[in-house]
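> I need the structure of the sequence given here:
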Amino acid sequence: MNIRSLTRGDGVVIGAAVLLFIASFLDIYSIDGASDSADIPSLWGSGPVVLGVVLAGVIGAALVVVARALPQPKKVAGLDLGQFGVAFTVFAAWCALGNIFDPAGAFDGDGGFIGDLGAGLGLILALIATLVMAAAAVATPLVPALKGALIPAPRPAAPQPYGGQPQGGYGYPGAQQQPYGGQPGQPGQPGQPGQPGPSFGGQPQPGQAQPGQPQSPQPQQAQAQPAGDFSPFWFAVPVPRPLFAEDGSPTPIAELAPGTWYLAVEQRGANLVAQTQDGRRGVLQDTSGIQRG
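Numbers count the residues shown, from 1 in each chain. As a prediction, this is how the structure comes out:
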């Protein structure tokens, strides 16, 4: 699971679920004329409210968030977990609305008891929380403002020129990487451990070409750079984007998540060939709004 793939809409769903859980410990009824010491049950004192509002809302929020954080969507009975989660949140809001209109439930009202009974603070907050939760779950795929990353991608430590290689671990812009197409430990590359370099004003080291002498071909040559002026660069996506196979297959092979840096190794028209942390390569068709490292 990758929490950086969560969106702002998911953050609203999480906040609404927390509010619903807090509301479940507050009064379910309000009774006119009741003293402050009156023992009024919370939402946990009503089975229909617990099952139809509290648990349905919390389970729905959990399914929405988990479905977003998974690298590949999970299906149950042909439906995504996220779709089940949205259905649970809408059902919870519907049940909360019904309990607001009829908080007494099956009481018959003998003796005028129902006339003094209304929805308590817990039930009112539960309705607000479930309405916000359901609205966010439904609107997140539709509203661009809610599609943004909940946890933004970390910025590079220092600005780097376009196409420059980041420094640090893989997937982070500070990582030290081998030049694209280069072989680790190639002969003749300065700065490699155990390889001598020419001193200032000194004699060339053994194996180095003498002035006026033809250079012998090296046993290992760097691979050819991609055609054109393209240079590999690191980038992050603003919202989850599918990565398709290079053979043109319509089925995504991976999903690029916000908050993670990926390496663009080739450009094909308006598309980019990207490489994931596990070494898989694919075509990113939607490059709008990407953040370059």
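
> Tell me the helix or strand right after the helix or strand bottoming out on mean pLDDT in the chain.
Across the helices and strands of the chain, mean pLDDT, DSSP states H and E gives its lowest value to strand 75-76, namely a mean of 76. Downstream of strand 75-76, the next assigned helix or strand under DSSP states H and E is strand 79-80.

> Quick check: what element follows that following strand along the chain?
helix 81-101.

> List the contacts of that following helix.
Outside helix 81-101, the residues that touch it by C-beta atoms under 8 Å, 6 or more residues apart in numbering are 13, 20, 46, 48-49, 52-54, 56-57, 59-68, 70, 73-76, 105, 119, 123-124, 126-127, 130-131, 133-134, 137-138. Where you see a C-beta, it was placed from the backbone N, CA and C, and this is true even at glycine.

> 7 Å instead, please
49, 52-53, 56-57, 59-61, 63-64, 66-68, 74, 76, 119, 123, 126-127, 130-131, 133-134, 137-138 (C-beta atoms under 7 Å, 6 or more residues apart in numbering).

> Name every strand pairing with the helix or strand following that helix and say which way it goes.
Tracing the chain C-terminally past helix 81-101 and defining elements by DSSP H and E, one meets strand 117-119 next. Strand pairing for strand 117-119, using DSSP bridges, gives strand 29-31 (antiparallel).

> in the partner strand, what's buried?
29, 30 (16 or more other C-beta atoms under 10 Å).

> same deal with stretch 251-260?
Going by 16+ other C-beta under 10 Å, stretch 251-260 has these buried residues: 252, 253, 254, 255, 256, 257, 258, 259, 260.

> taking the contacts of helix 81-101 one by one, which sit in helices?
Taking DSSP state H as the definition of helices, these contribute 49, 56-57, 59-61, 63-64, 66-68, 123, 126-127, 130-131, 133-134, 137-138.

> Could you list the low-pLDDT ranges of the stretch 151-293 of the chain?
152-228 (pLDDT under 70).

> Quick check: phi and psi on residue 276?
Backbone torsions for residue 276, taken as degrees, to the nearest 10, come to phi -90, psi 180.

> So for it, what's the nearest residue that isn't a sequence neighbour?
residue 254 (5.5 Å; C-beta to C-beta, 6 or more residues apart in numbering).

> three-state assignment of that neighbour?
Three-state assignment for residue 254 (DSSP: H, G, I helix; E, B strand; the rest coil): strand.

> list the contacts for it?
For residue 254, the contacting residues are 243, 276, 280, 282, by C-beta under 7 Å, 6+ apart.
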